[in-house]
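Asks: Quick one, what's the 3D model for this:
(chains A and B)
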Amino acid sequence: MRISVMSQMQRSFSIDLPSLIPLQLPSRRHTHLWYVIPDEVKSTSLLKRYSQLLSQTEKDGVDQMRGDELKKNALLARTLVRTTVARYQTNKEVDPRSLMFKKNVYGKPEVDWQNCKNCNHQPLHFNISHTDSLIACGVTVHVPVGIDVEDKERKIKHDVLAFAKRFYSADEVNFLATIPDPEAQRKEFIKLWTLKEAYVKALGKGFSAAPFNTFTIQSIPGTEEGYSLCKTSEVTADPLEETKKCNGEWKFAPLELADSHYAAVCIEDDQANEGAPMRVIVRKTIPFVEDQLISERIFL
Amino acid sequence: MWDPIATCSEDRSGSAITNLGHNITEDFCLRLSSGNGAVSVSSALEQKDSSSVLVVALGLCTALISLLLMASLSTTSLSFKAPSIQSTTTRIYQVTLKRVLRKASSFQSISFGRFQSSKRLRLQISCAAKPETVQKVSDIVKEQLALSADTALTAESKFSALGADSLDTVEIVMALEEKFDISVEETDAQNITTIQEAADLIEDLVQKKPAA
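Replies: Purely as a prediction, here's the structure:
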């Protein structure tokens, strides 16, 4: 399903941008995942319009990036966040330029509703992740969300198991060690990376709050895509003593995007949603131009 | 986290003066980076109210700096504690830094900054890593991020500005561990954001290693 305002863009030479098509907030337990493919955004006039949406700090951030490609991707990332969040303002049209952002005490970006004139305060959470060739933004209500995307073909420069031993938990190393084919092993390593990264980002307390080797993300037996989080207690000299606490407080959705990327979404499972499955709606977008519904998936 | 509040850069005329007025309720730090040459710095501190303890502490600090720098030191950090001071009232300090002598090759910058940590006044002097270390780090970063050989990297280059994501940063840290035979704590690893910070951490860890 495509929604296109392409013709309006092509005719318009003015500085004013067309209106953003509003969106319904996701319901509880839903994550909306939006992504942009930088290679599909070629119009320099469109990019110029995007840069008009950014705050001065964001523009400085874009300028700091070394090289045109990195600058463009940084611009697209901020544009994606601003336009997506603005579209969820269902009561009125909000100019994406007027949105304000701040960081929580640990550095996680969030919407600064108080300082936004003209915004309704909404219980909306977002998180972005990007690679060279894909930029994604996840949106939820009421619960924190973390996402991570990685290129499927990303080469790890070190030996995968050595890398895992250094950074992952013992159980995860054991799991990876059972995979005989190096290529399959690399893929599972990357999938695990996205899941672990998504969790840390959803937690929003910085990396030191959850070092990678203090928790295990493992598949739920009997499911193809179910993953659960288990925390290892203090690492003791005797591995048998390590106790694990596996809880259902965090839900995971591993995905593939555009055939080229692994992605993971992690949300906090608050009391109101106990037991209910997690739903992820994936859409590809070019801000102000078009949206395309890609998939709607359920994760148990 | 390093929060520079004033930077004084190289000045061939023989002196460099920086004035800053600032509230001090947190730790204060003076960071100097230099080439292999010795730089001697003397500083005079005045304060607008009458707390003599602080003046003594800072005077001690600057005397030490001058001594150490004249000897072209190789340690990367030195810290000492001033007696604890009631830090509930804010004080405004005027700091005048005068570079008195300059010996060999250029010194790059002096900056005054704050470490946001305990309220107890603690002065920490650290010298930035040697240029060779910075170069080795740059080479590893270029390799990990697949940058072209002629990409100009400086010590201040930020990993994120070069397109590094968290997986890249971790790989860079692993490569540095292998190259320098050190072991980096994960929290330290995630806090490295520039080439300079990586080099400083490396030299710190190399120096702390027990003699082989």
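Asks: contacts and neighbour counts: CA atoms only from here.
Replies: Will do.
Asks: Quickly find the element holding B:Glu171.
Replies: helix B:166-180 (DSSP states H and E).
Asks: Which neighbouring elements make contact with that helix?
Replies: Packing contacts for helix B:166-180, counted by 3 or more C-alpha pairs under 8 Å, 6 or more residues apart in numbering or on different chains; DSSP states H and E, involve helix B:131-144, helix B:186-191, helix B:195-208.
Asks: The second one and chain A, any residue contact?
Replies: Yes: Helix B:186-191 lies in contact with chain A when judged by C-alpha under 8 Å from any C-alpha of the partner chain; the contacting residues are B:Glu186, B:Thr187, B:Gln190.
Asks: how about the residues you listed in JSON lines, adding neighbour count and pLDDT?
Replies: Below are the residues of helix B:186-191 next to chain A laid out as JSON lines (neighbours: other C-alpha atoms under 10 Å in any protein chain shown; pLDDT from 0 to 100):
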{"residue": "B:Glu186", "neighbour count": "17", "pLDDT": "76"}
{"residue": "B:Thr187", "neighbour count": "14", "pLDDT": "76"}
{"residue": "B:Gln190", "neighbour count": "17", "pLDDT": "74"}
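Asks: Same list (the residues you listed) but as a markdown table, adding distance to A:Glu93.
Replies: Formatted as a markdown table, the residues of helix B:186-191 next to chain A follow (distance: C-alpha to C-alpha, whole Å):
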| residue | distance to A:Glu93 |
| --- | --- |
| B:Glu186 | 44 |
| B:Thr187 | 42 |
| B:Gln190 | 39 |
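Asks: State the pLDDT value of A:Leu255.
Replies: Predicted confidence (pLDDT) for A:Leu255: 95.
Asks: oh sorry, the question was meant for A:Glu249
Replies: Reading off the model, A:Glu249 has pLDDT 85.
Asks: give me the number of residues near the nearest residue to it once chain neighbours are set aside?
Replies: Distances taken as C-alpha to C-alpha, 6 or more residues apart in numbering or on different chains place A:Asp269 nearest to A:Glu249, at 4.9 Å, with adjacent residues excluded. For A:Asp269, the count of nearby residues is 21 (other C-alpha atoms under 10 Å in any protein chain shown).
Asks: re earlier: most tightly surrounded among the helices and strands packed on helix B:166-180?
Replies: Most buried of the helices and strands packed on helix B:166-180, by mean neighbour count (mean count of other C-alpha atoms under 10 Å in any protein chain shown): helix B:195-208, with a mean of 20.
Asks: With A:Asp63 as the reference, measure out to the nearest residue to A:Leu54 once chain neighbours are set aside.
Replies: Sequence neighbours aside, A:Arg97 is the residue nearest to A:Leu54 in space, at 6.3 Å (criterion: C-alpha to C-alpha, 6+ apart). Counting by C-alpha to C-alpha, to the nearest Å, the separation of A:Arg97 from A:Asp63 is 18 Å.
Asks: From what I see, B:Ile202 and B:Lys179 are in contact.
Replies: No: with contact defined as C-alpha atoms under 8 Å, B:Ile202 does not count as touching B:Lys179 (10.1 Å).
Asks: What lies in contact with stretch A:206-215?
Replies: By C-alpha atoms under 8 Å, 6 or more residues apart in numbering or on different chains, the residues outside stretch A:206-215 that reach it are A:106-108, A:167-170, A:196, A:200, A:229-234, B:186-187, B:190.
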